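>>> give me a model of this one.
(one chain, ligands or ions: 1)
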Amino acid sequence: APRVFSGVQPTGNLHLGNYLGAIRKFVALQESQDCIYCVVDLHSITAQLVHEDLKGQIRSITAAFLAAGIDPKRHIVFNQSRVSGHAELAWIFNCVARIGWMNRMTQFKEKAGKDRENASLGLLAYPSLMAADILLYRATHVPVGDDQKQHLELTRDIAIKFNNDFSGRIAAAGLGTEIAMGDETVNGYFPITEPMIEGPATRVMSLKDGSKKMSKSDPSDLSRINLTDDADQIARKIRKAKTDPDALPSETAGLAGRAEADNLVGIYAALAETRKADVLTEFGGRQFSEFKPALAELAVEKLAPINAEMRRLIDDPGHIDAVLKDGGERAGAIAERTMRDVKEIVGFLQ
Ligand code: TYM
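Okay, here's the model as predicted:
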């Protein structure tokens, strides 16, 4: 059966890129799919070990999920460290994956910087934990922004290698199922996950530099719109966003080579739930002095209710903690079944 899984790290402020690239899609998918959404706290200690207020950060991401409209009763919302299967399966995947695969990850290279020898071993193994997150629930679909594409390819590689290396034992244990792999089906235990990276906002760029993605770690707060920004802050950041002196083109081809314009049009399209071409039909030929106030108004209209609901929820940590506990129990029950199968397949005594 299809199942959706995705995760968000509890580090730094959530921004418009996280919302448009991921969280808003989580909300849309819950209408038709069985979904598990996870605050990945184990991942958050890979780059920085000691956090001032990790509990508060975990609650704040959870509040954003709920405020955006995720229903924790019909679906599962929990924090990763509650379910020990994530770390257990990641260990097995550390033995499936090759060091070379990890060394090739662009996100590792970026985050480790020049002093790679001094990066944590966890940062190198990060994608293996991510594969475990997804495959612990045998999820088939993973909505993410474009920056996670390479990690999801690695998740597929791990599933394929596990299914191949253990094919005999999977069959002997009667645990194999038909698994879709492109147009073919193969027999295996883990599904070959489909990334869901679609729409006009899979890579929201910095408001100050159209060549850099909008990021929690950018030192300039003007580079991003945070989900906690109020209406004045949102309007100010859009007003100050970098643009070029030309009018908006009337067709998407005219956005080539204009990264900042392309980004703002993409943000507008995503917020309005339409396509860039439709935005340009409306705004083509007009100046940014007209487009920016329209964008600000739209952004405030869409984000203000989420912002208000997040604040309300954060004032009631008891409720958030109860949601995570309940979600953790339900996730744990699924995870336990997978770990029992995996231990059987690998050949551990249990
Ligand atoms: P994280 O916490 O960095 O980001 C959460 C989600 O937001 C998306 N995103 C963006 N989308 C569009 N434009 C941007 N500028 C932008 N910045 C971030 C990310 O692509 C992501 O979907 N490794 C993951 C967390 C993770 C995970 C998983 C995801 C751990 N396990 C299993 C899916 C499945 C991460 O660090 O996301």
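>>> I'd like to know how many residues surround Phe26.
23 (other Cβ atoms under 10 Å). Every C-beta, even on glycine, is put in place using the N, C-alpha and C of the backbone.
>>> pretty sure it contacts Tyr37?
Yes: Phe26 is within contact range of Tyr37, at 5.5 Å (criterion: Cβ atoms under 8 Å).
>>> any residues in contact with both of those two?
Between them, Phe26 and Tyr37 share these contacting residues under Cβ atoms under 8 Å, 6 or more residues apart in numbering: 6, 65, 70.
>>> ok, the residue minimising distance to the centre of the chain - contacts?
Closest residue to the average C-alpha location of the chain: Val144 at 4.3 Å, with Cα atoms, centre = their mean. Each residue near Val144 by Cβ under 8 Å, 6+ apart is listed here: 6, 21-22, 152, 195-197.
>>> mind listing the helices for the stretch 51-200 of the chain?
Applying DSSP state H, counting those that start in this stretch to the stretch 51-200 of the chain gives helices spanning 54-68, 85-96, 99-103, 106-112, 121-135, 149-165, 167-172.
>>> dump those into TSV; add distance to Leu324, mean neighbour count and mean pLDDT as well.
Listed next are these as TSV, based on distance: least, Cβ to Cβ, whole Å; neighbours: other Cβ atoms under 10 Å; pLDDT from 0 to 100:
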stretch	distance to Leu324	mean neighbour count	mean pLDDT
helix 54-68	6	21	98
helix 85-96	14	19	98
helix 99-103	30	12	97
helix 106-112	26	15	96
helix 121-135	16	22	98
helix 149-165	24	19	98
helix 167-172	33	14	96
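>>> up against the ligand, what does this structure have?
5-9, 17-18, 21-22, 40, 43, 130, 133-134, 142, 144-145, 147-148, 151, 202-204, 213-214 (Cβ under 6 Å from any ligand atom).
>>> show me the strands in this protein, by range?
Taking DSSP state E to define them, one finds strands in the chain at 4-8, 35-39, 76-79, 141-143, 177-181, 184-188, 194-196.
>>> contacts only, for the closest residue to Phe166 other than its chain neighbours.
Spatially, and ignoring its direct neighbours in sequence, Phe166 is nearest to Ile345 (5.1 Å; Cβ to Cβ, 6 or more residues apart in numbering). The contact partners of Ile345, by Cβ under 8 Å, 6+ apart, come to 166, 169-170, 173, 175, 189.
>>> and the residue nearest to Asn79 when sequence neighbours are not counted, bridged to which residues?
Counting by Cβ to Cβ, 6+ apart, the nearest residue to Asn79 once its immediate chain neighbours are dropped is Val39, at 4.4 Å. With DSSP bridges applied, Val39 shows beta-bridge pairing to Val8, Asn79.
>>> verify the contact between Val39 and Thr62 for me.
Yes: with contacts defined as Cβ under 8 Å, Val39 counts as touching Thr62 at a distance of 5.9 Å.
>>> just checking, His141 touches Ile197?
No: using Cβ under 8 Å, His141 is not in contact with Ile197, being 11.1 Å away.
>>> how about the strands of the chain in TSV, adding mean neighbour count and mean pLDDT?
Compiled in TSV, these are given as follows (neighbours: other Cβ atoms under 10 Å; pLDDT from 0 to 100):
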stretch	mean neighbour count	mean pLDDT
strand 4-8	23	98
strand 35-39	25	98
strand 76-79	24	98
strand 141-143	22	98
strand 177-181	13	89
strand 184-188	14	89
strand 194-196	17	95
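>>> okay if I get the ones you listed as TSV plus distance to Gly332?
Putting the strands of the chain into TSV (distance: least, Cβ to Cβ, whole Å) gives the following:
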stretch	distance to Gly332
strand 4-8	15
strand 35-39	12
strand 76-79	8
strand 141-143	20
strand 177-181	22
strand 184-188	24
strand 194-196	25
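>>> what's the closest of the ones you listed to Ala97?
strand 184-188 (16.5 Å; Cβ to Cβ).
>>> so how far is the closest one from its chain's centroid?
Taking the mean C-alpha point of strand 184-188 and that of its whole chain, the gap between them comes to 27 Å (Cα atoms, centre = their mean, to the nearest Å).
>>> what's the neighbour count on Glu198?
Look at Glu198: counted by other Cβ under 10 Å, it has 9 neighbours.
>>> how close does it get to the ligand?
Glu198 sits 12 Å away from the ligand, taking Cβ to the nearest ligand atom, to the nearest Å as the criterion.
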